[in-house]
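>>> Need the 3D shape of this:
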Amino acid sequence: MKPAADPELARRRAEQLEKLLAAGKDGALLRFGLGGAWLAAGDAAAGARHLAEAVRLDPDQSAAWKLLGKAHAETGAAVAALAAWRRGIDVATARGDVQAAREMTVFVRRLEKQQEAAKP
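Numbers count the residues shown, from 1 in each chain. Presented below is the predicted three-dimensional model:
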């Protein structure tokens, strides 16, 4: 996934969505939007928090698992990223979301190769 063309726009979007959350309008879709917006704004840690809540609220959301893995990878939490993507692959496969499963499989392989290459 490539970064947003305008991180400032993504930050403003995230702040607007945070207002909805503060007003009590919580839900998996809002958390997914918040996670994606913070990730696009360059705050992967905030993105990961919201995406983790999105998959807690709706564990069958393969897109949220995919972004959660990306957020963890961007924060340097490789083990958490791999776990999220592996769970996402299971969810996507069960739902028939072949493309998402393929993408996450590629992400897992890349990160595993990076980890292998980093070993002394």
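>>> Only C-alpha atoms from now on, for both contacts and neighbour counts.
OK.
>>> So, low pLDDT: which residues of this structure?
Counting by pLDDT under 70, the chain shows low-confidence ranges at 1-5.
>>> hey, where'd the helices end up in it?
Under the criterion DSSP state H, the chain carries helices at the ranges 7-22, 28-40, 44-57, 62-75, 78-95, 98-118.
>>> Would you format those as CSV with mean neighbour count included?
Written out in CSV, the entries for the helices of the chain read as follows (neighbours: other CA atoms under 10 Å):
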stretch, mean neighbour count
helix 7-22, 16
helix 28-40, 24
helix 44-57, 22
helix 62-75, 25
helix 78-95, 20
helix 98-118, 15
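>>> quick one: R49 from K19, how far?
As defined by CA to CA, to the nearest Å, R49 lies at a distance of 16 Å from K19.
>>> now swap in P120 and tell me
Taking CA to CA as the measure, P120 and K19 are separated by 47 Å.
>>> G33 too?
Taking CA to CA, one finds G33 at 13 Å from K19.
>>> F107 too?
Noted for F107: a distance of 32 Å to K19, by CA to CA.
>>> E53 now?
Applying CA to CA, one obtains 17 Å for the distance of E53 from K19.
>>> now swap in V79 and tell me
For V79, the distance to K19 under the criterion CA to CA works out to 32 Å.
>>> How about A10?
Here the criterion is CA to CA. By it, A10 lies 14 Å from K19.
>>> and if you look at E116?
42 Å.
>>> Same question for R87.
When CA to CA is applied, the distance between R87 and K19 equals 30 Å.
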